[in-house]
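Chemist: got a sequence here, can you model it:
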Amino acid sequence: MTKLIPILLLASVQLLLAQVQKEVAAPFNIKTITFVQNNQNSIPIFPLGSGFQLQFDDLYGNEADYYYEIKHCDYNWVPTAIAKNEYLDGFDNQRIQNYSNSFNTLQLYSHYTLALPNANTLGLKLSGNYLLTILNDAKEVVFSRKFILYEELANVPMQVKRARTIGNLPYKHNLEFSVNSKAINFQNPLKNLKIVLLQNGKFATAIQNIVPQYTLGAELIYKYDTETQFWAGNEFLFFENKDLRASGNNVSYIDASTAIYGSHLFTNTARANFPYSFTQDTNGSFLVQNFRASNMAIEADYAWVYFSLSAPAFGLDKNIYITGAFNNYVLTTENKMEYNQAKGIYEKALLIKQGFTGFEYTVADNKGTIDLENAIDGNFYQTENNYTALVYYKENTGRYDRVIGKGTANSLTIVN
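Modeler: So this is what the prediction gives:
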């Protein structure tokens, strides 16, 4: 028994270290979290060696101290056993020093910018999955975000096709792609090579663990009928409030009688039972903009945005959330709509930084499982979506999952 106790303790420690890392949603005071590259909001998938930023606002506006920590993870988002100095050149657990306060806004806030690399964190050496955690001065986790670094060692030609199953033909997109590399001679690809497929950069609905269907010379072929299908969804909704004093696109009216302006949107109607109608959108992304200002980071204001949705009432086992890149598609109480029995509509007010904001209504059960099949706005094969394929490879003697290639495709070029 005395010999067994240390073994059990060691196993418990290893189990704790092997926990899957999940993103921690930000508290109410932290808003407009985004990865930025080349001065544009970006899906956090970057070439290894490139620079990017994490930006966010703190509505308390008290210039609080925030710190950052970077963890390297495997394909399943479990932290690797690789020492930090092997994947990170320099140090993390440093204070974010680049911040400034809002100027000429009704909503006070402090804007923070973490650039990677920087004077302390000189660079990240390995490709793969990473978790970036922001901590307060008590070293408590405030929020965390995933990002991925990839090497350009494999080609991933990809094409979007209509569903290969008759029942899903009007509703789904099917991805067909291949993987080939002149730099790597794949060892046991059925075991060592893994794929992640993303629709519009959303990690929550990713398709994983797809193995090659067959090989054609040095090329690995993926031409499945069901395993690589996504529900197509519908075009994202959006609104513009670049000028808080005037109604922009899809804004019904402005309420200027409160301390912070209110943007009341037109009531949306559930589109699942309507014919598909093309609308130019940005696939859920957002752009901070105040047309009266020059520095959008600190001169764009916040507004209460009032959403309303005319849709059949769900029971207690289903909820409707307002999601988009602006809130990282998180299913939290803050983003959950409430049913107004008297009006027969769902309602919610969210505090959002002004500009252009894409969003969608997401149905999920009480456990957070998203119901894509019964989407509020339906599924139409004509919907324009961006798709990404990431190739992970771990050699027989490898210690971590490298991301060796990235492929992209858009459903505007869909074929039968």
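Chemist: does residue 365 touch residue 317 like I think?
Modeler: Yes. A contact is recorded between residue 365 and residue 317 when judged using CB atoms under 8 Å, the distance being 5.7 Å. Placement of C-beta: from N, CA and C, glycine included.
Chemist: could you check which of those two is surrounded by more residues?
Modeler: Neighbour tally, residue 365 and residue 317, criterion other CB atoms under 10 Å: the higher count belongs to residue 365, 13 against 8.
Chemist: and the helices in the stretch 51-200 of the chain?
Modeler: Chain-ordered helices for the stretch 51-200 of the chain, with DSSP state H, counting those that start in this stretch as the definition, fall at 84-87, 189-192.
Chemist: just the buried positions in the first one, please.
Modeler: Yep, that's helix 84-87 we're talking about. Of the residues in helix 84-87, those buried by neighbour count under the rule 16 or more other CB atoms under 10 Å are residue 87.
Chemist: likewise the last one?
Modeler: Of the residues in helix 189-192, none has enough neighbours to count as buried (16+ other CB under 10 Å).
Chemist: and residue 412, that's in a helix?
Modeler: Yes. The assignment for residue 412 is a helix, going by DSSP: H, G, I helix; E, B strand; the rest coil.
Chemist: and the nearest residue to it once chain neighbours are set aside, helix, strand or coil?
Modeler: Of all residues not flanking residue 412 in the chain, residue 384 sits nearest, at 5.3 Å (CB to CB, 6 or more residues apart in numbering). Going by three-state DSSP, the secondary structure assigned to residue 384 is coil.
Chemist: measure residue 384 to residue 188 for me?
Modeler: 38 Å (CB to CB, to the nearest Å).
Chemist: so for the two, which residue has more residues nearby?
Modeler: The residue with the greater number of neighbours, taking residue 384 and residue 188 and applying other CB under 10 Å, is residue 384; the counts read 20 against 10.
Chemist: wait, that one sits on residue 283?
Modeler: Yes. Using CB under 8 Å, residue 384 is in contact with residue 283, at 7.5 Å.
Chemist: so what pLDDT did the spatially most central residue of the chain get?
Modeler: Per CA atoms, centre = their mean, the C-alpha nearest to the average position across the chain is that of residue 202, at 4.5 Å. In this prediction, residue 202 carries a pLDDT score of 97.
Chemist: list the residues that contact it.
Modeler: Residue 202 makes contact with 284, 329 under the criterion CB atoms under 8 Å, 6 or more residues apart in numbering.
Chemist: how about residue 364?
Modeler: For residue 364, the contacting residues are 318, 319, 321, 331, 370, 371, by CB under 8 Å, 6+ apart.
Chemist: do residue 69 as well
Modeler: 92, 93, 132, 133, 135.
Chemist: what do you get for residue 317?
Modeler: The contact partners of residue 317, taken as CB under 8 Å, 6+ apart, are 365, 366.
Chemist: would you check how far apart it and residue 388 are?
Modeler: When CB to CB is the yardstick, residue 317 and residue 388 sit 32 Å from each other.
Chemist: any idea how far residue 385 lies from residue 168?
Modeler: On the measure of CB to CB, residue 385 and residue 168 end up 15 Å apart.
Chemist: show me where the stretch 151-300 of the chain has strands.
Modeler: Taking DSSP state E, counting those that start in this stretch to define them, one finds strands in the stretch 151-300 of the chain at 158-162, 172-179, 193-199, 202-208, 214-216, 219-222, 229-231, 237-240, 251-255, 262-265, 268-269, 286-288.
Chemist: for the helices of the stretch 51-200 of the chain, give me JSON lines that also has mean pLDDT and distance to residue 335.
Modeler: Rendered in JSON lines, the data for these read as follows (pLDDT from 0 to 100; distance: least, CB to CB, whole Å):
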{"stretch": "helix 84-87", "mean pLDDT": "97", "distance to residue 335": "33"}
{"stretch": "helix 189-192", "mean pLDDT": "94", "distance to residue 335": "39"}
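Chemist: and those: which comes nearest residue 247?
Modeler: For these, the distance to residue 247 is smallest for helix 84-87, at 49.3 Å, taking CB to CB.
Chemist: residues touching the closest one, excluding its own?
Modeler: In this structure, residues lying in contact with helix 84-87 by CB under 8 Å, 6+ apart are 72, 80, 92, 124, 125, 126, 128.
Chemist: kindly report the same for stretch 262-276.
Modeler: Applying CB under 8 Å, 6+ apart, the external contacts of stretch 262-276 come out as 234, 237, 239, 241, 244, 248, 250-256, 277, 303-312, 345, 349, 361, 374-378, 380, 382-383.
Chemist: in PyMOL, select just the buried ones from these.
Modeler: Here is the PyMOL selection string for the buried members of the contacts of stretch 262-276, based on 16+ other CB under 10 Å:
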select buried, resi 234+237+239+241+244+248+251+254+303+304+305+306+307+308+309+311+345+349+361+375+376+377+378+380+382+383
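Chemist: dump the helices of the stretch 51-200 of the chain to CSV, plus distance to residue 25.
Modeler: Below are these laid out as CSV (distance: least, CB to CB, whole Å):
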stretch, distance to residue 25
helix 84-87, 25
helix 189-192, 34
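Chemist: to residue 336, which of these lies closest?
Modeler: Where those are weighed against each other on CB to CB, the nearest is helix 84-87, at 37.3 Å.
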